[in-house]
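[1] The sequence and its predicted three-dimensional model are supplied below.
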Amino acid sequence: MSECDNMDSSAKAYSKNIQKAIKALQRGEMILLFDLEGREAETDFTIAANAVTPEDVRWMRKDAGGLICVALDSEASEELGLPFMADVMREATQCSTALHKIVEKGGDLKYDSRSSFSIWVNHRDTRTGIPDNDRALTINKLGEIVDRTLAGEEVHFGSEFRTPGHVATLRAAKGLVHERMGQTELSIALAKIAGITPVMVVCEMLDDENGRALEKTDAKQYGKDNDLVFVEGEEVVEAYDIWLSSQ
Ligand SMILES: CC(=O)[C@@H](O)COP(=O)(O)O
Ligand SMILES: [Mg+2]
Ligand SMILES: [Mg+2]
């Protein structure tokens, strides 16, 4: 019996590739997640925040090379009071005109209507915040506090985390992949389908030769060479709609 055979009946409606990606995420393993041609056209290392180890942080910074970010679903972000960074900066322009010219505004991004960045944090138990073990701790604690929040516990984000810090948080759109098709929303959609905590780590793959985003073909080859599932945004949206209709 293949691994995919023991998924529940609704899950069997997913493509084999999505089923493999879901199983990998449920096992706490890394997958590769491409957004969309015509958007960023980037492939991100993607893994559940609760599963991240210092070795995964090292792997992302050495083999992916992009920004190690933590995507949180909209409901949890709201509960924790995580703002969009662009909103924070806009408010800050009330007392600093200099920021007025810097803060992101409509049309600034060539690939989307807005970024998904929230605040950059460190867990208070970290020392400097950047070593692999510090970032893994901050990432794990972000998963943990969301678990507690979604379980109905009253939590105080500021008593456990401080900003600024070395882990960028990303706030998923309320409408998830029907509103925005970044790795922020795509990774959270995969978490919901997989039934795991909707807190996901994403890190872009960069090309060591030219410093640009790694070509999709090269990212796919890396996946083959390292036995990692490679999924694309369009197949995630298709699976998410199947999942949503079964809720
Ligand atoms: C890690 C990223 O790519 C960052 O831009 C957030 O992802 P996205 O904008 O694709 O949701
Ligand atoms: Mg990006
Ligand atoms: Mg992205």
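    That came through fine. Ligands and ions are numbered 1, 2, ... in the order given.

[2] State the pLDDT value of the nearest residue to I193 once chain neighbours are set aside.
    For I193, ignoring the flanking residues on the chain, the nearest one in space by Cβ to Cβ, 6 or more residues apart in numbering is W243 at 4.5 Å. Bear in mind the C-beta positions are built from the backbone N, C-alpha and C, glycine included. We have a pLDDT of 96 for W243.

[3] any idea how far W243 is from H166?
    33 Å (Cβ to Cβ, to the nearest Å).

[4] between those two, which one's more packed in?
    W243 (21 against 16; other Cβ atoms under 10 Å).

[5] does the more buried one count as helix, strand or coil?
    When classified by DSSP: H, G, I helix; E, B strand; the rest coil, W243 comes out as helix.

[6] Could you double-check that it sits in contact with K192?
    Yes: W243 is within contact range of K192, at 6.6 Å (criterion: Cβ atoms under 8 Å).

[7] Report the central residue of this protein.
    Nearest to the mean C-alpha position of the chain, counting by Cα atoms, centre = their mean, stands A71 at 3.6 Å.

[8] hang on, E79 packs against T149?
    Yes: using Cβ under 8 Å, E79 is in contact with T149, at 4.6 Å.

[9] ok, now which ones touch M85?
    Neighbour list for M85: S115, F117, S118, I119 [criterion: Cβ atoms under 8 Å, 6 or more residues apart in numbering].

[10] ugh, wrong one, I meant F117
    F84, M85, A86, A168, T169, L170, R171.

[11] mind redoing it with 10 Å?
    67, 69, 83-86, 88-89, 104, 168-171, 184 (Cβ atoms under 10 Å, 6 or more residues apart in numbering).

[12] Ok, L32 next?
    21, 43-46, 64, 205, 214, 216, 219-220, 222-223, 226, 228-232.

[13] Residue numbers of this structure in contact with ligand 1?
    35, 40, 42, 44, 67, 69, 115-116, 170, 182-184, 202, 204 (Cβ under 6 Å from any ligand atom).

[14] List the residues that are in contact with both of E79 and T149.
    Contacts common to E79 and T149, judged by Cβ under 10 Å, 6+ apart, are L72, V155, F157.
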